[in-house]
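**Q** Here's my sequence, what's the structure:
(one chain, ligands or ions: 3)
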Amino acid sequence: MKSRAAIAWEAGKPLEINEIDVEDPKAGEVLVQIKATSVCHTDAYTLSGADPEGLFPSVLGHEGAGIVQEIGEGVSSLKPGDHVIPLYTAECGQCKFCLSGKTNLCSSVRATQGKGVMPDGTSRFSLDGQQLHHYMGCSTFSEYTVLPEVSLAKVSPQAPLDKICLLGCGVTTGIGAVLNTAKVEPGSTVAVFGLGAIGLAVIQGAVMAKAARIIAIDVNPDKFDLARQFGATDFVNPKEYGEPIQQVIVDMTDGGVDYSFECIGNVNVMRSALECCHKGWGQSVIIGVAGAGEEISTRPFQLVTGRVWKGSAFGGVKGRSELPGYVERYMNGELKIDEFITHDMPFEQINEAFELLHAGKSIRSVLHY
Ligand code: NAD
Ligand code: AHE
Ligand code: ZN
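**A** Ligands and ions are numbered 1, 2, ... in the order given. So this is what the prediction gives:
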């Protein structure tokens, strides 16, 4: 079938909208009509060429929501008409990782996903006979996309797809990092580095966890208003200080924070986020994604003296079992999503959505097909 899609032909170039060919779903696969998708910084990171797994040409996009159109042979948990959120972290329930009870990092389709193909090693996308790669197992920048059954969370058909698409990455990642990865306790002091959708979702999670103090840090002071609305209590612009930002935060907090979250993808800030943690127990969670070849460093003494460095992917959330609950909490008014959406636009304006993100003028732009 034909599908409107935005193609990433090469690194650093705008996406090109074109009509591509999408093959029928094979065994264990599902054809989904994406109704809405948003742009996450990770899409921009891969398009920039910094992603060691980045492949071109490809169909990017991993934060979306849609409706099942067709199922392949053997698919039993989904049927046409079901409302779904694509998952870049699948959940098969059967691999060593799923069975461990220790992680959400399912291994069932991850290897082929990273190579830009479906589990059978081939792509369902092409243009004029040229194969296009899939991206993060989702490719939500195509109106019609094919995913493995294990990469789709079935959610309530009552929920608005142009809002819950944000649960496909940003909102879930930030909340989950607080509740699942760090397990922030009531009364905690929390520092959040970077106030895009991920950082704001971390603030939302910290409020849910009943943190007493939430320090919001960004070099763009335009981000502070929304951070305050989400529940941040203190605001720090590193550009206004002559000393290292970790020292500023240690001084503000009588020795450091209980938990910090890096939501930027900057390895120098990751170090600051670790070193602003309290001696003996402070934990720092890396959420930001850094470019190929970049590495983190700190004095081992920082860890010897009790600080803990962790990382979080999709907030530690198991998508198929947990996302339906996140959707219900949104529908019950217990979880904010609308507040992240600063721009709504037709799919054709996708490059504008990338420009707004780069310029620090948007949190999330939702694109409608
Ligand atoms: P974003 O671009 O909307 O937000 C980043 C924020 O960081 C901006 O407000 C920017 O002003 C701020 N910033 C930049 N440099 C800074 C600095 N030196 N000090 C303080 N603030 C600074 O991005 P986003 O969509 O919120 O994504 C944030 C990061 O999280 C990205 O690296 C993205 O790839 C990553 N991410 C990871 C996961 C995961 O599962 N681990 C999921 C989603 C996104
Ligand atoms: N391809 C990159 C890694 C990118 C990365 O870390 N991705 C996050 C999700 S970002 C969503 O916006 C993640 O979940 N990682 C775990 C995984 O299995 O990819 C690289 O460096 O190779
Ligand atoms: Zn993302």
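**Q** How about D234, nearest residue that isn't a chain neighbour?
**A** I215 (4.3 Å; CB to CB, 6 or more residues apart in numbering). Any C-beta I mention is one placed from the backbone N, CA and C, and that applies to glycine too.
**Q** Flag every residue of the stretch 1-150 of the chain that's near ligand 2.
**A** Within reach of ligand 2 by CB under 6 Å from any ligand atom, the stretch 1-150 of the chain has these residues: C40, T42, D51, P52, E53, T89, L105, R110.
**Q** ok, residues contacting the host helix or strand of the second one?
**A** Spelled out, that is T42. Using DSSP states H and E, T42 maps to helix 41-48. Helix 41-48 is touched from outside by 8, 11-12, 15, 51, 53-54, 60-62, 135-136, 141, 169, 196, 198, 265, 289, 291, 354, 357-358, with contacts defined as CB atoms under 8 Å, 6 or more residues apart in numbering.
**Q** circling back to that earlier point, and of the residues of the stretch 1-150 of the chain next to ligand 2, the nearest to ligand 1?
**A** Proximity to ligand 1 was ranked across these by CB to the nearest ligand atom; first place goes to T42, at 3.8 Å.
**Q** ok, that closest one to H358 distance?
**A** 13 Å (CB to CB, to the nearest Å).
**Q** neighbour-wise, which of those two wins?
**A** Neighbours were counted for T42 and for H358 using other CB atoms under 10 Å; T42 has more, 22 against 12.
**Q** relative to helix 41-48, how tilted is the helix or strand harbouring F354?
**A** Using DSSP H and E, F354 sits in helix 350-358. Calculated by axes from the mean of the first three to the mean of the last three CA atoms, to 10 degrees, helix 350-358 forms an angle of 110 degrees with helix 41-48.
**Q** So which elements touch the following helix or strand past helix 350-358?
**A** Per DSSP H and E, the first helix or strand lying C-terminal to helix 350-358 is strand 364-368. Judged by 3 or more CB pairs under 8 Å, 6 or more residues apart in numbering; DSSP states H and E, the packing partners of strand 364-368 are strand 29-38, helix 161-164, strand 341-346, helix 350-358.
**Q** out of those, deepest packed?
**A** Of those, the one with the most neighbours on average (mean count of other CB atoms under 10 Å) is strand 29-38, at a mean of 26.
**Q** for it, what is the average pLDDT?
**A** For strand 29-38, mean pLDDT rounds to 99.
**Q** Partner strands of it and their direction?
**A** Sheet pairing for strand 29-38, assigned by DSSP bridges, gives strand 63-71 (antiparallel), strand 144-148 (antiparallel), strand 364-368 (antiparallel).
**Q** For the stretch 151-300 of the chain, give the residue positioned nearest to ligand 3.
**A** Residue of the stretch 151-300 of the chain nearest ligand 3, by CB to the ion: C169 (3.3 Å).
**Q** In contact with the closest residue to that residue other than its chain neighbours, which residues?
**A** The shortest distance from C169 to any non-neighbouring residue, by CB to CB, 6+ apart, is to E63 (4.1 Å). Counting by CB under 8 Å, 6+ apart, E63 touches T37, S38, V39, C40, T140, C165, L166, G168, C169, G170, R364.
**Q** In PyMOL, select just the buried ones from those residues.
**A** In PyMOL, this line selects whichever of those come out buried by 16 or more other CB atoms under 10 Å:
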select buried, resi 37+38+39+40+140+165+166+168+169+170+364
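**Q** okay, the contacts of E63 in JSON lines with distance to S151 next?
**A** Below are the contacts of E63 laid out as JSON lines (distance: CB to CB, whole Å):
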{"residue": "T37", "distance to S151": "15"}
{"residue": "S38", "distance to S151": "18"}
{"residue": "V39", "distance to S151": "20"}
{"residue": "C40", "distance to S151": "16"}
{"residue": "T140", "distance to S151": "12"}
{"residue": "C165", "distance to S151": "15"}
{"residue": "L166", "distance to S151": "18"}
{"residue": "G168", "distance to S151": "11"}
{"residue": "C169", "distance to S151": "13"}
{"residue": "G170", "distance to S151": "18"}
{"residue": "R364", "distance to S151": "21"}
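**Q** of the contacts of E63, closest to E73?
**A** E73 lies nearest to T140 out of those, by CB to CB, at 24.0 Å.
**Q** what secondary structure does that closest one sit in?
**A** coil (DSSP: H, G, I helix; E, B strand; the rest coil).
**Q** From E73, how far out is F125?
**A** Per CB to CB, F125 is found 20 Å from E73.
**Q** the more surrounded of those two?
**A** Higher neighbour count among F125 and E73: F125, with 28 against 9, using other CB under 10 Å.
**Q** Just the pLDDT at the more buried one, thanks.
**A** The per-residue pLDDT reported for F125 equals 99.
**Q** Renumber starting at 31 from here on
**A** Let's use 31 as the start, then, which means that last one is F155.
**Q** Spit out the contact partners of it.
**A** F155 neighbours (CB under 8 Å, 6+ apart): A35, I50, D51, V52, E53, V89, Q161, L162, H163, H164, S169, S172.
**Q** Tell me what it is bridged to.
**A** Note on F155: beta-bridge partners by DSSP bridges are V52, L162.
**Q** What's the per-residue pLDDT of the residue of the stretch 181-330 of the chain closest to ligand 3 here?
**A** pLDDT for C199: 98.
**Q** That one and L117 touch, don't they?
**A** No: if you go by CB atoms under 8 Å, C199 and L117 don't touch, sitting 9.5 Å apart.
**Q** residues near whichever residue of the stretch 81-230 of the chain sits closest to ligand 2, how many?
**A** Closest approach between the stretch 81-230 of the chain and ligand 2, counting by CB to the nearest ligand atom: E83, at 3.7 Å. Residues within reach of E83, counting by other CB under 10 Å, total 12.
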